[in-house]
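>>> let me see the structure of the following:
(chains A and B)
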2 protein chains.
Amino acid sequence: MDKRAIGIFDSGVGGIVVFKEILKNNPNENIIYLGDTRSFPYGSKSKESIVELTKKGIEFLISKNVKEIVIACGTATSQALDEVKKLYDIPIIGIINSTVEYVKQKKFKNIGVMATVGTIRSDAWKNSILKQIPNANVTNKACALLAPMAEEGWIDNEIAVLTIREYLKELKEIKDLEALILGCTHYPLFKNVIENELKNNVEIIDTGEILSKALRKDLLSKNLDNKELNPNYQIYLTDTETNFKNVASKLLGNIVENLKLAKI
Amino acid sequence: MDKRAIGIFDSGVGGIVVFKEILKNNPNENIIYLGDTRSFPYGSKSKESIVELTKKGIEFLISKNVKEIVIACGTATSQALDEVKKLYDIPIIGIINSTVEYVKQKKFKNIGVMATVGTIRSDAWKNSILKQIPNANVTNKACALLAPMAEEGWIDNEIAVLTIREYLKELKEIKDLEALILGCTHYPLFKNVIENELKNNVEIIDTGEILSKALRKDLLSKNLDNKELNPNYQIYLTDTETNFKNVASKLLGNIVENLKLAKI
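The predicted structure is shown next:
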């Protein structure tokens, strides 16, 4: 047993979806969240910048004495996970690997991936999937506007619906599509809209849900889980003048009351 | 007379609107355009990052032997113009100052400004306007989605119309609004949509048009204008795997054929 907190790193408000999922499977854990709202969005940044920003985020969480770190941002995972894993001793889980493991277990072959321009361009999802499932058909769809739209708080208005309809056009045309990975942390905010638009038997994969279960397993196997009740939650942002509170409080309620400024 | 080119620096495709405007008033000038598509969007970045990126862009254009530089990006102008003017000998014009001068001449008092989150947060427009027109009423509206939407090429579809309608809501409620400054280079791409939505006597100010006229005046006054015909145009991007060509060719046609990669 280990009472230290879990650290969650994200580029903005999207990781709050992962935070919520982690709570479900890890209700006793203390959590410290860092949202890099000042540098958001990561999606269109260079690999070099993303690695630099992710390192700063990880170091901030380590300074807060966390026991394990979750990178909730798909772009940061795809561009920086390998680098930061080499640099720090602390266990770091990225949002991609646990999902690819799940897709393999389910024996999916025809897989769609929606993600940011940066993540799609890096081919991180495609490469990770093909490493585990060499005969998979992976169809990528870059969705430049979805993450900014989530940060704006537009997750179910008419504009969001039309935007998602536009982005799903090609994916809808794929015969026998079995699974659609929401490859950016923000996208589960649009899950209902996506489900309505797809209207078929495609499994929509929420990477946060999968990661939360994998994290629970990992903590138990390493005897790092916390058995005490009344966990404590802290949220740090690198820029507090954002729409963060509006979006995050819809998902986490009171937990979002006290936002702290992280100077990194 | 000076045959060297004019340099245009922008964070992406938005500056192509300024490019087009500059052509109208400066038809003999050679032009070298640099779009920092790799680091786009600047709107939500820190001042520090924007200054760093703008410096790199200016240095690239100086290495191409330009005679004068236009910063077409509102965010870069608001956050970095003062710094780069101090650092380099070459004349540098930003997109804000010439527009503020125009607003003053027209004796506008009730002024709206649409711009990116970063530009609005910097209060660059408000401060510049109040310095020239102390009794002005300036109403800011941050429009986080418009620049990414322009880069996506969605400039007149239903999604663009609904998004603009949403962003104009507060501005429409202002009594006696006289002028609306499109404070981000990308926004004139939406000028028709904005005009349709406003449907009143507000003057929509296209900062590129104003800047183009100011540049012409500046070149003539310094005897830096080019009198030769058959000007040459070059477009450099920091990342060429983008939607740039689709959007830019709608505005500039053939000029956009040969895009070059700028390694900065």
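
>>> mind listing residues that contact the lengthiest helix in chain A?
In chain A, taking DSSP state H as the definition, the longest helix is helix A:47-63. Outside helix A:47-63, the residues within contact range by CB atoms under 8 Å, 6 or more residues apart in numbering or on different chains are A:7, A:9, A:11, A:32, A:34, A:36, A:39, A:42, A:45, A:69, A:71, A:75-76, A:79-80, A:83-84, A:87-88, A:90, A:92, A:118, A:122, A:236, A:262, A:264, B:39. C-betas here are computed from N, CA, C, even on glycine.

>>> in ChimeraX, how would I select the buried members of these?
Remark: buried members of those, expressed as a ChimeraX selection using 16 or more other CB atoms under 10 Å in any protein chain shown:
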select /A:7,9,11,32,34,36,39,42,45,69,71,75,76,79,80,84,92,118,122,236,262,264 /B:39
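
>>> so of the contacts of helix A:47-63, which ones are in helices?
The helices in this structure, assigned by DSSP H, contain A:75-76, A:79-80, A:83-84, A:87, A:118, A:122 from those.

>>> quick one: mean pLDDT for the longest helix of chain A?
Helix A:47-63 shows a mean pLDDT of 94.

>>> identify each buried residue in it, please.
Buried, per 16+ other CB under 10 Å, within helix A:47-63: A:47, A:49-51, A:53-58, A:60-61.

>>> closest to chain B out of these?
Lowest distance from chain B to the buried residues of helix A:47-63 (CB to the nearest CB) belongs to A:Ser49, with 7.4 Å.

>>> against A:Asp239, how distant is the closest one?
With the distance defined as CB to CB, to the nearest Å, A:Ser49 ends up 16 Å from A:Asp239.

>>> other SSEs contacting the lowest-mean-pLDDT helix or strand in chain A?
The weakest-scoring helix or strand in chain A, judged by mean pLDDT, DSSP states H and E, is helix A:117-122 (a mean of 81). Packing partners of helix A:117-122 (3 or more CB pairs under 8 Å, 6 or more residues apart in numbering or on different chains; DSSP states H and E): helix A:74-87, strand A:137-142.

>>> in which helix or strand does A:Leu23 reside?
Following DSSP states H and E, one finds A:Leu23 within helix A:15-25.

>>> touching, A:Ala150 and A:His186? I think so.
Yes - when contacts are counted by CB atoms under 8 Å, A:Ala150 is listed as touching A:His186 (4.0 Å).

>>> what do these two both touch?
A:13-14.

>>> how close does the residue of chain A positioned farthest from its centre get to chain B?
In chain A, counting by CA atoms, centre = their mean, A:Lys175 sits farthest out from the average C-alpha position, at 27.5 Å. Separation of A:Lys175 from chain B (CB to the nearest CB, to the nearest Å) stands at 27 Å.

>>> ditto for A:Glu166
A:Glu166 is 7 Å from chain B, by CB to the nearest CB.

>>> my read: that residue touches B:Gly153, true?
No - look at A:Glu166 against B:Gly153 with CB under 8 Å: they stay out of range, at 11.0 Å.

>>> give the closest residue to A:Leu34 in space, chain neighbours not counted.
If the residues on either side of it in the chain are set aside, A:Leu34 comes closest to A:Tyr236, at 4.8 Å by CB to CB, 6 or more residues apart in numbering or on different chains.

>>> could you report the pLDDT at the one you found?
96.

>>> OK, contacts around it?
Under the criterion of CB under 8 Å, 6+ apart, the neighbours of A:Tyr236 are A:32-35, A:60, A:259-262.

>>> quick check: residues of the stretch 101-250 of chain A near chain B?
A:117, A:121, A:144-145, A:148-149, A:151-152, A:154, A:158-159, A:162-163, A:166, A:239, A:241-242 (CB under 8 Å from any CB of the partner chain).
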